[in-house]
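# sequence unknown, structure follows:
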């Protein structure tokens, strides 16, 4: 079933939607969506529409059958990591969308060697959008501006802070609604960087038995945090109702 | 620090090791390992040697300084999945090595469209070996022969069985030393396939909030299982010593 991403779905409760431009052209010419076919529309802000397609020339008219509103994934896990080299940054962004990260921030550290370039942002945005459609993910993952480690550590507000380090402990669920995970470059974090995070109250956590590259470590961290927080949430409910 | 993979390290307690062939050539010509440089040798069977390099012509002599023996990752998580298309299968194997999977089995299901070809196995073996070296992973990940879902379900021995399904529950740790995780193709498992696994005692588990592609789902499953089992193990120890 074809999925379209349309960031500004009209909110006037109309039962038809007109799709123009690239999304329409791609649906009609590449995906060959035909009259009467079912199509899903996402707006990246929690709305999912189930529609029937009515191709009309170069545009695509959709008849809206059902409207769903989803809650965002909780907790919100924000990944701040060094930037992998080359195409690996695309794999990182794609994987983070699939596993449910709330955002990705390219983070600048002492031993990081790759400076994320602004002109790559468009490409990463397209990759994030494609991954969102494939995963039927209701909320878009934010691609945030690059930020030095110090700012990431101090700028987290009430977010629970977690720094990934192979010598760390297992992740401890906290029930926090926002969690910020810091992933270092291939050369690792310097001891002073780990200390700075620890002084700011960060958990020092290992997310796997081996040294992982950034594009594997980020998704592993998100997966671990979400599973632990959801498990913790279930346990709290059981205790409260016991 | 350069890492070499040498499957058959002599066990005669000699303090020198002669490396020939491809590994030697790659170390000397490509990585430009110099006399006196530190080098790590893995055999993929748990042994790690820390050595000093003594390039000698086309061969590489190593002076062994330290020998370490590692325990395998426990529990052993065996991933049985449909085969992703194209280069994505390489990403799957690479990621599974990094996150600590014990083995990967290409699994044949009703809706799976990609048949893993034997001639790709060499390439996947090279990718697994490179990933092992980068991760300093002591034990090689097994690449097992392809197997139909039915055989995977019935042939698990005492392994705990887990089938990934978006409608499933959170993973429950069992303390089992061997765990077999089944990941379906892009089209998903058929209801009869889920039923067959459930009848064989499988947990039906969701490993994330969104639909993941195979190469993201496999590593997410391994990460979740290992974290839950290690957490469970810690809790048991705490209860036993309380």
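Perfect, thanks for sending it. Note that the structure is a prediction, hence the values are computed from the model and not measured.
# Which strands or helices does the helix ranked longest in chain A pack on?
Using DSSP state H to define each element, chain A has its longest helix at helix A:214-241. The contact analysis (3 or more Cβ pairs under 8 Å, 6 or more residues apart in numbering or on different chains; DSSP states H and E) places helix A:214-241 against strand A:76-81, helix A:88-99, strand A:160-169, strand A:178-183, helix B:88-99, helix B:214-241. For glycine as for every other residue, the C-beta is placed from the backbone atoms N, C-alpha and C.
# Off-centre distance for that helix?
From the chain centre to the centre of helix A:214-241 is a distance of 16 Å (Cα atoms, centre = their mean, to the nearest Å).
# Pull out the buried positions in it.
Residues of helix A:214-241 classed as buried by neighbour count (16 or more other Cβ atoms under 10 Å in any protein chain shown): A:214-231.
# got CSV for the helices and strands packed on helix A:214-241, with mean pLDDT and distance to residue B:180 too?
Formatted as CSV, the helices and strands packed on helix A:214-241 follow (pLDDT from 0 to 100; distance: least, Cβ to Cβ, whole Å):
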stretch, mean pLDDT, distance to residue B:180
strand A:76-81, 98, 28
helix A:88-99, 97, 22
strand A:160-169, 95, 27
strand A:178-183, 98, 29
helix B:88-99, 97, 14
helix B:214-241, 85, 10
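# Rebuild these as CSV, extending it with distance to residue A:189.
Shown next, in CSV, are the helices and strands packed on helix A:214-241 (distance: least, Cβ to Cβ, whole Å):
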stretch, distance to residue A:189
strand A:76-81, 11
helix A:88-99, 18
strand A:160-169, 6
strand A:178-183, 8
helix B:88-99, 18
helix B:214-241, 20
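# Nearest to residue B:186, out of those?
Judged by Cβ to Cβ, the one of the helices and strands packed on helix A:214-241 that comes nearest to residue B:186 is helix B:214-241, at 7.3 Å.
# where does chain A dip in pLDDT?
Chain A contains residues with pLDDT under 70 at A:118-119, A:237-242.
# Enumerate the residues of it near chain B.
With Cβ under 8 Å from any Cβ of the partner chain as the criterion, chain A comes near chain B at residues A:73, A:91, A:94-95, A:97-100, A:134-137, A:170-171, A:207-213, A:216, A:219-220, A:223-224, A:226-228, A:230-231, A:234.
# Now residue A:156: closest residue in space that isn't a chain neighbour?
residue A:180 (4.8 Å; Cβ to Cβ, 6 or more residues apart in numbering or on different chains).
# can I assume the one you found is in contact with residue A:163?
No: counting by Cβ atoms under 8 Å, residue A:180 does not reach residue A:163; the two are 9.3 Å apart.
# right, and residue A:210 touches residue B:133 too?
No: applying Cβ under 8 Å, one finds residue A:210 not in contact with residue B:133, separated by 11.1 Å.
# Which one of the two is surrounded by more residues?
residue A:210 (20 against 17; other Cβ atoms under 10 Å in any protein chain shown).
# ok, residue A:60 to residue A:140 distance?
Counting by Cβ to Cβ, to the nearest Å, the gap from residue A:60 to residue A:140 is 21 Å.
# Which one of the two is surrounded by more residues?
More crowded of residue A:60 and residue A:140, by other Cβ under 10 Å: residue A:60, with 25 against 21.
# what about the more buried one, which helix or strand?
Assigned by DSSP states H and E, residue A:60 belongs to strand A:59-69.
# what residues does that strand touch?
For strand A:59-69, the surrounding residues in contact (Cβ atoms under 8 Å, 6 or more residues apart in numbering or on different chains) are A:14-20, A:23-24, A:27-28, A:33, A:39, A:41, A:46-55.
# Show me those residues that map onto strands.
Assigned to strands by DSSP state E, the following of those qualify: A:16-19, A:39, A:41, A:47-55.
# So among the residues you listed, which ones count as buried?
Buried members of the ones in strands among the contacts of strand A:59-69, scored by 16+ other Cβ under 10 Å, are A:17, A:19, A:39, A:41, A:47-51, A:53-55.
# which pair in the residues you listed spans the largest distance?
A:47 and A:55 (22.5 Å).
# buried set for stretch A:79-98?
Using 16+ other Cβ under 10 Å as the test for burial, stretch A:79-98 gives A:79-84, A:89-98.
# these two touch, right, residue A:47 and residue A:138?
Yes: counting by Cβ under 8 Å, residue A:47 touches residue A:138, with 7.4 Å between them.
# Overlap in contacts, the two.
In contact with both residue A:47 and residue A:138: residue A:70, using Cβ under 8 Å, 6+ apart.
# measure the closest residue in space to residue A:114 that isn't next to it in sequence to residue A:74 for me?
Counting by Cβ to Cβ, 6+ apart, residue A:114 lies nearest to residue A:83, which is 4.4 Å off, once chain neighbours are set aside. Separation of residue A:83 from residue A:74 (Cβ to Cβ) stands at 27 Å.
# Isn't residue A:183 up against residue A:218?
Yes: counting by Cβ under 8 Å, residue A:183 does reach residue A:218; the two are 5.4 Å apart.
# tell me, what's touching the two both at once?
Counting by Cβ under 8 Å, 6+ apart, the contacts common to residue A:183 and residue A:218 are A:79, A:81.
# circling back: what comes up buried for the strand holding residue A:60?
A:60-62, A:64.
# Outline the domain layout of chain A.
A:2-69, A:76-238 (automatic domain parsing).
# Give me the phi and psi angles of the spatially closest residue to residue A:44 that is not a sequence neighbour.
Nearest non-adjacent residue to residue A:44, counting by Cβ to Cβ, 6+ apart: residue A:140, 3.5 Å away. Here is the backbone geometry of residue A:140 (degrees, to the nearest 10): phi -70, psi 150.
# ok so, going back, determine which two of the buried residues of stretch A:79-98 are furthest apart.
Based on Cβ to Cβ, the longest span within the buried residues of stretch A:79-98 runs between A:82 and A:98 and measures 20.2 Å.
# if I look at residue A:142, how far off is residue A:121?
Shown here: residue A:142 relative to residue A:121, a distance of 12 Å by Cβ to Cβ.
# shared neighbours of those two, which are they?
Common neighbours of residue A:142 and residue A:121 (criterion: Cβ under 8 Å, 6+ apart): none identified.
# what number of residues lie near residue A:206?
20.
# Pull the number of nearby residues for the nearest residue to it once chain neighbours are set aside.
Leaving out its chain neighbours, the residue that sits closest to residue A:206 by Cβ to Cβ, 6+ apart is residue A:168, at 4.3 Å. A count of nearby residues for residue A:168, using other Cβ under 10 Å, gives 16.
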